[in-house]
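Visitor: From the sequence below, what's the structure:
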Amino acid sequence: MRLINRHPGRLPAFILGLIPFILLVLIYGVASQQRLAENSNDKLLPGLEQMSAAVDRMAFQEDRRSGDYLMLNDTLASLQRLGLGVGIAASLALVVGVLNGSLPLFRANMAPLVSAASMVPPLAILPILFIVFGLGELSKVMLIVIGTAPVMMRDIAQRVRELPQEQFIKIQTLGANSWQVINRMVLPQVLPRLIDSVRLSLGPAWLFLIAAEAIASTEGLGYRIFLVRRYLAMDVILPYVIWITILAIVIDQCLRLANRRLFPWYNAGGR
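Guide: Sure thing, here's the model as predicted:
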């Protein structure tokens with residue numbers, strides 16, 4: 001059998017996917033031990049004990065100054081900003097994307113603006129957002145919206161335009177008006193695609209969030225990472241990076257599961 005036709009089962013696929021992570025951990029462990037053997041105070045590659053102590057201090061012990069559990073507060077603050085930003089962006093993408101894809105007049109009016117907005121580097125306008133919206137929560141949420149919404153709008157519009165024209169013809173032949181076409185035919189087929197689009201936008205959304213928190217914030221995962229970097233506190237930075245990665249994976253898998261449960265027909269092809 002040719003290699004291109006060989007498909008691993010669920011357990012072999014899980015093991016194969018786990019191997020690169022195990023290799024990375026082993027490589028890091030060996031490199032950390034070598035550096036710590038040469039200098040026990042080395043901060044670049046902290047050992048497991050140092051990182052465990054930092055996690056215990058940040059996540060399970062009250063901060064002496066504020067009385068808060070810093071890692072918990074940072075996580076809640078970041079997730080709130082991320083949820084608001086991505087939620088607003090997804091709502092705008094659904095409305096504008098469906099209208100752009102369904103109505104030629106609307107597309108002629110709005111598609112050029114959406115295309116131009118999707119090409120603007122969001123981090124380049126971050127200072128403008130701070131000037132216009134201030135240094136509070138609104139500017140951070142708006143950065144996520146501006147950074148992710150236009151791309152999702154274009155994706156949803158393209159998905160709508162890819163729907164078979166026969167469907168549009170048949171539903172109009174049965175007497176449906178424009179609203180009924182959108183509501184009864186387009187929306188049910190686009191909603192699962194919107195979830196996929198949100199999943200693809202999570203990476204950029206985290207990037208914009210951390211950038212905004214690093215520049216102007218008093219709490220959040222990005223804020224904490226850039227606060228402790230001045231002390232070269234890699235024992236805090238690395239666990240925070242791992243925690244952000246875990247959160248991103250969990251959110252992505254939750255969206256994937258929701259897509260499978262809500263729209264089983266969409267995932268029947270093995271998506």
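Visitor: When you work out contacts or count neighbours from here on, use the C-alpha atoms and nothing else.
Guide: Noted.
Visitor: where does this protein dip in pLDDT?
Guide: Scanning the chain for pLDDT under 70 picks out 1, 268-271.
Visitor: dump the residue contacts of the residue nearest the centre of it.
Guide: Nearest to the mean C-alpha position of the chain, by C-alpha atoms, centre = their mean, lies residue 202 at 1.4 Å. Residue 202 sits next to 86, 248, 252 when contact means C-alpha atoms under 8 Å, 6 or more residues apart in numbering.
Visitor: How about residue 203, nearest residue that isn't a chain neighbour?
Guide: Leaving aside its sequence neighbours, residue 203 sits nearest to residue 248 (C-alpha to C-alpha, 6 or more residues apart in numbering; 7.8 Å).
Visitor: quick one, helices of the protein?
Guide: With DSSP state H as the criterion, the chain has helices at 10-38, 48-59, 70-102, 104-118, 126-133, 137-161, 165-173, 178-180, 187-215, 221-228, 234-262.
Visitor: Any chance of TSV for the ones you listed, columns distance to residue 4?
Guide: What follows is the helices of the chain, written out as TSV (distance: least, C-alpha to C-alpha, whole Å):
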stretch	distance to residue 4
helix 10-38	15
helix 48-59	40
helix 70-102	37
helix 104-118	37
helix 126-133	46
helix 137-161	29
helix 165-173	35
helix 178-180	45
helix 187-215	27
helix 221-228	42
helix 234-262	26
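Visitor: Please identify the most buried of the ones you listed.
Guide: Mean neighbours per residue, mean count of other C-alpha atoms under 10 Å, is largest over the helices of the chain for helix 137-161, with a mean of 23.
Visitor: Report the angle between it and helix 70-102.
Guide: Here helix 137-161 runs at an angle of 40 degrees relative to helix 70-102 (axes from the mean of the first three to the mean of the last three C-alpha atoms, to 10 degrees).
Visitor: Can you name every helix or strand that helix 137-161 contacts?
Guide: Packing partners of helix 137-161 (3 or more C-alpha pairs under 8 Å, 6 or more residues apart in numbering; DSSP states H and E): helix 70-102, helix 104-118, helix 126-133, helix 187-215.
Visitor: Can you convert those into CSV and add a column each for distance to residue 154?
Guide: Putting those into CSV (distance: least, C-alpha to C-alpha, whole Å) gives the following:
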stretch, distance to residue 154
helix 70-102, 6
helix 104-118, 7
helix 126-133, 22
helix 187-215, 10
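Visitor: Nearest to residue 30 among these would be which one?
Guide: helix 70-102 (27.9 Å; C-alpha to C-alpha).
Visitor: Who are the packing partners of the closest one?
Guide: Secondary elements touching helix 70-102 (3+ C-alpha pairs under 8 Å, 6+ apart): helix 48-59, helix 104-118, helix 137-161, helix 187-215, helix 221-228.
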